[in-house]
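S.K.: no sequence on this one, just coordinates:
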């Protein structure tokens, strides 16, 4: 195991936390490809029965214009009561040769009328390689883009994900 580098980012939204959690986490495999068809072709949910206990793997399949083929995320914890999701990217182009895995904690909490989403990422480097914050900025911006697209969709459709 190499050096683990941790970063945290806080996003805010006028959408209540439970709605954002339901849309962005619980229904992501349906909603995200629908909202971003030029970037994400599909999200396949796979059960890994070789693990004990069996775990869920989500494979995000990108469109040809996305500069990536796919990533696989292992769902480590899904806590609906506390609006928390923990998952680990275990395969995909973002890992490259310098990163073994990336673990994420996504937590939604109330923030006035809306919510705050705190994303903590733990980069497990190969060997002694240290991750600099600037190296992850592009991925962070893409995640923020997805967050804002879902937020806009929920603002336009206040009857959904209640």
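M.R.: That came in fine, so what should we check first? All of these numbers come straight from a predicted model, not from anything done at the bench.
S.K.: what stretches of this protein score poorly on pLDDT?
M.R.: 1, 48-54 (pLDDT under 70).
S.K.: Tell me where it has strands.
M.R.: Assignment of strands within the chain using DSSP state E yields the ranges 4-13, 40-48, 55-62, 70-79, 84-92, 99-111, 114-125.
S.K.: quick one: the fifth one to strand 40-48, angle?
M.R.: Read that as strand 84-92. What separates the directions of strand 84-92 and strand 40-48 is an angle of 100 degrees, with axes from the mean of the first three to the mean of the last three Cα atoms, to 10 degrees.
S.K.: for strand 84-92, packing partners?
M.R.: Using 3 or more Cβ pairs under 8 Å, 6 or more residues apart in numbering; DSSP states H and E, the elements in contact with strand 84-92 are strand 55-62, strand 70-79, strand 99-111. Every C-beta, even on glycine, is put in place using the N, C-alpha and C of the backbone.
S.K.: Buried residues, the longest one. List them.
M.R.: This means strand 99-111. Of the residues in strand 99-111, those with enough neighbours to count as buried (16 or more other Cβ atoms under 10 Å) are 99, 100, 101, 102, 103, 104, 105, 106, 107, 108, 111.
S.K.: which helices and strands does the biggest helix by length in the chain pack with?
M.R.: Scanning the chain for the helix with the most residues, using DSSP state H, yields helix 137-156. Packing partners of helix 137-156 (3+ Cβ pairs under 8 Å, 6+ apart): strand 4-13, helix 17-21, helix 28-35.
S.K.: Identify whichever of the ones you listed lies nearest to residue 115.
M.R.: Counting by Cβ to Cβ, residue 115 lies closest to helix 17-21 out of these; the figure is 3.7 Å.
S.K.: residues in contact with the closest one?
M.R.: Surrounding helix 17-21, the residues in contact under the criterion Cβ atoms under 8 Å, 6 or more residues apart in numbering are 13, 80, 83, 85, 108-111, 114-117, 150-151, 154, 160-162.
S.K.: so which of the buried residues of strand 99-111 comes closest to residue 127?
M.R.: Distances from these to residue 127 were compared by Cβ to Cβ; the smallest belongs to residue 100, at 9.3 Å.
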